[in-house]
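J.: Model the following, please.
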Amino acid sequence: MEPRCPCIDCGKETMYTDKEVEEQGIDDIDWYAVHNEIWKKYCPEQPDDYISTPESKGYFLCIKCLETRMGRKLKRDDFPDYPINKKNLHRYPE
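T.: Alright, predicted model coming up:
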């Protein structure tokens, strides 16, 4: 199946349904949000007025590719306190 929300650098799927996560045992979820300043700096391809959604087929980066662009690992404080980030924060100890 073609990825719904592919990473623009590597093509990896970045969004899974809860059912897919449970059935496939996926634990590296790449559906997240970082602070706007980080995203604007490291994903300059995305226009300022663009809103990413699963339907937009737009500007998605898996965490590994964002870290590669940044030249460092993400830290917990790179992520705003949004519900979308709750599944990833265990990967980033305080």
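J.: where are the low-confidence patches of the chain?
T.: Residue ranges of the chain with pLDDT under 70: 1, 52-57.
J.: need the helices for this structure, in chain order.
T.: For the chain, the helices defined by DSSP state H cover 18-24, 36-42, 63-70.
J.: If you count contacts, what does the second one end up packed against?
T.: Going back to what we said before, that points to helix 36-42. Using 3 or more C-beta pairs under 8 Å, 6 or more residues apart in numbering; DSSP states H and E, the elements in contact with helix 36-42 are helix 63-70. Every residue, glycine included, has its C-beta placed from N, CA and C.
J.: about what we covered before: just the helices of the chain: most buried one?
T.: helix 63-70 (a mean of 17; mean count of other C-beta atoms under 10 Å).
J.: To Cys10, which of the helices of the chain lies closest?
T.: helix 63-70 (5.5 Å; C-beta to C-beta).
J.: For the closest one, list the C-alpha coordinates in CSV.
T.: Backbone C-alpha positions of helix 63-70 (Å, rounded to 0.1, in the frame of the first residue of the first chain) are rendered in CSV as follows:
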residue,chain,number,x,y,z
ILE,A,63,11.6,11.8,13.2
LYS,A,64,14.8,10.3,11.9
CYS,A,65,14.9,12.6,8.8
LEU,A,66,14.0,15.7,10.9
GLU,A,67,16.9,14.8,13.3
THR,A,68,19.2,14.4,10.3
ARG,A,69,18.2,17.8,8.9
MET,A,70,18.8,19.3,12.4
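J.: who's in contact with it?
T.: 7-10, 12, 28, 30, 32, 34, 38, 42-43, 61, 73-74, 88 (C-beta atoms under 8 Å, 6 or more residues apart in numbering).
J.: Work out the gap between stretch 67-79 and the centre of the chain.
T.: Taking the mean of its C-alpha atoms, stretch 67-79 sits 11 Å from the chain's own mean (C-alpha atoms, centre = their mean, to the nearest Å).
J.: mind checking how far the residue lying closest to Leu89 once chain neighbours are set aside is from Asp9?
T.: Among residues not flanking Leu89 along the chain, Arg76 sits closest, at 6.3 Å (C-beta to C-beta, 6 or more residues apart in numbering). Distance of Arg76 to Asp9, computed by C-beta to C-beta, to the nearest Å: 23 Å.
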